[in-house]
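Chemist: Sequence and predicted structure, then a few things I'm wondering about:
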Amino acid sequence: MAWWRGRRSLRVRLLAGLLALLLVIFAGVGLAVTTALRGFLLARLDQQLAETGGRYAASLEHGNTSDTRAQAPGTFGARLLAGTVTAAAVVDGDSDDAAVAAGTAAADASDQVVPAPPVQQRLAALAVGGAADTVRLGALGSYRVRAVPGMDGDVLVTGVPLRPVEDTVHQVVLLELTVFAAAVVVAGTVGGVWLRLALRPLDRIAATATRVSALPLARGEVVLSERVPARAADPATETGRVGLALNRMLGHVEGALAQRHAVEDRLRGFAADAGHELRTPVATVRGHAELALRHPEPVPQPVRHSLERIAAESRRMGALVDDLLLLARLDAGRPLAAAEVDLTRLALDCVADARAAAPEHHWRLELPEQPVLVTGDEDRLRQVVANLLSNAHRHTPPGSTVTLSLTDRQLTVADDGPGIPAELHEQLFERFVRADQTRARATGGTGLGLAIARAVALAHGGTLTLEPGPGARFVLRLP
């Protein structure tokens with residue numbers, strides 16, 4: 001039943017329930033009608049037996065031919081003395097019946113219908129003068145029989161065949177099956193049409209919910225104009241109230257998404273403005289520090305060390321400003337360059353750079369035989385691959401193996417290091433999230449590398465995901 005509820009639509013289940021209910025009702029009606037009809041026909045037979053009495057059975061002994069001719073064809077008669085059948089015959093509507101009554105052909109006729117010993121025992125057990133009973137007389141079939149006392153201390157049994165009753169009941173059953181089957185087919189057809197019309201508002205609600213679920217609600221400006229049609233939002237019906245509730249919920253969601261987008265716009269504007277404002281002073285500080293370091297006169301060692309730190313931090317801050325400006329441009333939906341990019345050449349260059357920057361690591365490169373070409377921004381894609389390789393060597397111990405594999409439009413960077421804590425998997429691609437929270441800011445990254453990498457992948461219509469496996473395994477897929 002759980003499988004049926006889970007795999008069948010509401011319309012199918014309602015129609016199946018309706019048809020099952022009709023079948024139960026029809027079965028009950030058919031059983032009641034058939035039982036009543038059979039009882040009525042048996043009552044008629046019992047009345048016929050009561051009116052006939054034992055005249056036909058008595059004629060077998062006394063030869064009353066008028067009693068024989070008065071019986072309907074198929075009537076059975078038997079005379080029992082001391083529990084044993086002494087004479088038995090069946091009316092078949094020909095001249096032999098008179099002969100049997102006259103005793104001229106009694107032996108032959110009796111031989112043809114004398115019941116078997118078990119049947120004789122059943123006849124002997126009949127209540128004399130009581131109600132009629134049903135007995136099967138061998139090849140003659142089922143009979144409705146009644147026993148009455150005879151004039152010579154014997155028992156006279158008269159029976160009429162049940163075949164007409166059974167044929168009538170059988171025909172009625174066939175008629176009921178035919179009528180009920182036609183009624184079920186008509187009810188199923190009409191019920192299916194009616195259910196389709198009755199559930200049409202629910203279909204409209206489901207269609208609206210499906211369209212809303214397909215909208216990209218996670219980021220950017222969202223125009224949530226989908227609503228349940230007014231004809232499917234009638235408050236007088238249950239489905240209409242569901243439609244009204246869904247419309248109210250969509251209105252609340254639309255308001256919340258608008259507020260979120262406004263906040264994101266303000267944050268992006270702030271990041272872009274801050275980046276532009278910081279770029280000039282950072283460049284100025286860096287320039288003055290480098291100029292001071294190139295001064296021809298001797299500079300005291302503490303002062304030189306301070307100037308070197310100023311220059312290093314200025315370069316680091318400049319990189320951070322550039323990252324913030326890139327994210328602001330990507331968030332604003334500005335298009336990237338669209339040119340043919342050879343991912344094979346790009347992978348070769350990035351692995352060579354990583355090998356030079358971290359020679360203590362083992363770098364492996366797995367490339368296909370044919371070049372892999374995509375359409376995109378080569379500089380941004382190079383930045384993605386460089387960020388992934390840089391993360392791999394910065395978060396794994398010396399001697400670790402980092403593998404870059406390339407297939408058709410899929411680039412994978414995997415390492416055999418300690419991996420990434422499970423609690424960070426959900427927020428790994430968010431901004432300013434760092435895998436190692438204990439590292440000092442002077443030696444760690446800014447936490448923007450993976451955020452930029454995913455933003456670039458999305459801007460190309462692709463995806464960047466962290467997949468399970470030993471160590472860390474990042475997969476870049478491009479369309």
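Modeler: Sure thing, it's come through. Numbering: from 1, shown residues only.

Chemist: In terms of helix, strand or coil, where does residue 464 fall?
Modeler: Under DSSP: H, G, I helix; E, B strand; the rest coil, residue 464 falls in the strand class.

Chemist: Show the contacting residues for it.
Modeler: By CB atoms under 8 Å, 6 or more residues apart in numbering, the contact list for residue 464 reads 384, 429, 450, 453-454, 457-458, 474-477. For glycine as for every other residue, the C-beta is placed from the backbone atoms N, C-alpha and C.

Chemist: swap the cut-off to 10 Å and go again
Modeler: Residue 464 is in contact with 384, 387-388, 411, 429, 450, 453-458, 474-478, counting by CB atoms under 10 Å, 6 or more residues apart in numbering.

Chemist: Narrow the residues you listed to those in strands?
Modeler: In this view, the contacts of residue 464 that belong to strands under DSSP state E are 411, 474-477.

Chemist: what pairs with the nearest residue to residue 425 once chain neighbours are set aside across the strands?
Modeler: Ranked by CB to CB, 6 or more residues apart in numbering and with sequence neighbours excluded, the top spatial neighbour of residue 425 is residue 466, at 6.3 Å. Beta-bridge partners for residue 466, by DSSP bridges, are residue 474.

Chemist: In this structure residue 466 contacts residue 427, no?
Modeler: No - assessed by CB atoms under 10 Å, residue 466 is found out of contact with residue 427, at 11.2 Å.

Chemist: so where's the stretch 251-400 of the chain uncertain?
Modeler: Along the stretch 251-400 of the chain, segments meeting pLDDT under 70 span 268, 271-277, 332-333.

Chemist: where along it do the helices fall?
Modeler: Taking DSSP state H, counting those that start in this stretch to define them, one finds helices in the stretch 251-400 of the chain at 301-331, 343-357, 378-394.

Chemist: From the contacts of residue 464, list the buried ones, please.
Modeler: For the contacts of residue 464, a burial check counting by 16 or more other CB atoms under 10 Å picks out 384, 387-388, 411, 429, 450, 453-457, 474-478.

Chemist: Which residue in those has the weakest pLDDT?
Modeler: Within those, pLDDT reaches its minimum at residue 429, with 81.

Chemist: Would you map out the domains in this protein?
Modeler: Following automatic domain parsing, one finds the domains of the chain at 2-40+168-198, 53-161, 218-334, 339-477.

Chemist: How far does the first one sit from its chain's centre?
Modeler: Offset of domain 2-40+168-198 from its chain centre (CA atoms, centre = their mean, to the nearest Å): 27 Å.

Chemist: before we move on, what about stretch 301-309?
Modeler: Chain-centre distance of stretch 301-309: 70 Å, with CA atoms, centre = their mean.

Chemist: next one: stretch 192-209
Modeler: Distance, centroid of stretch 192-209 to centroid of chain: 18 Å (CA atoms, centre = their mean).

Chemist: Next: stretch 117-127.
Modeler: 63 Å.

Chemist: Please apply the same query to stretch 400-410.
Modeler: In terms of CA atoms, centre = their mean, the centre of stretch 400-410 is found 38 Å from the chain centre.

Chemist: Okay, buried residues for it please.
Modeler: Under the neighbour-count criterion of 16+ other CB under 10 Å, stretch 400-410 has 400, 402-406 buried.

Chemist: swap in stretch 376-393?
Modeler: By neighbour count on 16+ other CB under 10 Å, the buried set for stretch 376-393 is 376-378, 380-393.

Chemist: Return the distance of it from the chain's centre.
Modeler: Relative to the chain's own centre, stretch 376-393 is displaced by 42 Å; criterion: CA atoms, centre = their mean.

Chemist: likewise stretch 415-425?
Modeler: Distance of stretch 415-425 from its chain centroid, counting by CA atoms, centre = their mean, is 35 Å.

Chemist: Could you do stretch 396-411 as well?
Modeler: The chain centroid and the centroid of stretch 396-411 are separated by 40 Å under CA atoms, centre = their mean.

Chemist: Next: stretch 261-271.
Modeler: The chain centre lies 42 Å from the centre of stretch 261-271; the measure is CA atoms, centre = their mean.

Chemist: ok, now stretch 359-374?
Modeler: Its chain's C-alpha centre and that of stretch 359-374 lie 43 Å apart, by CA atoms, centre = their mean.

Chemist: Equivalent analysis for stretch 296-303, please.
Modeler: When C-alpha coordinates are averaged (CA atoms, centre = their mean), stretch 296-303 and its chain have centres 77 Å apart.

Chemist: What are the buried residues along that stretch?
Modeler: Buried residues in stretch 296-303, counting neighbours by 16+ other CB under 10 Å, are absent.

Chemist: again with stretch 300-319
Modeler: Buried residues in stretch 300-319, defined by neighbour count with 16+ other CB under 10 Å: 307, 310-311, 314, 317-318.

Chemist: biggest separation within those, which pair?
Modeler: Comparing all pairs in the buried residues of stretch 300-319 by CB to CB, the longest separation belongs to 307 and 318, at 16.3 Å.

Chemist: of all the ones in strands among the contacts of residue 464, which comes closest to residue 181?
Modeler: Distance to residue 181, by CB to CB, is smallest for residue 477 among those, at 56.8 Å.
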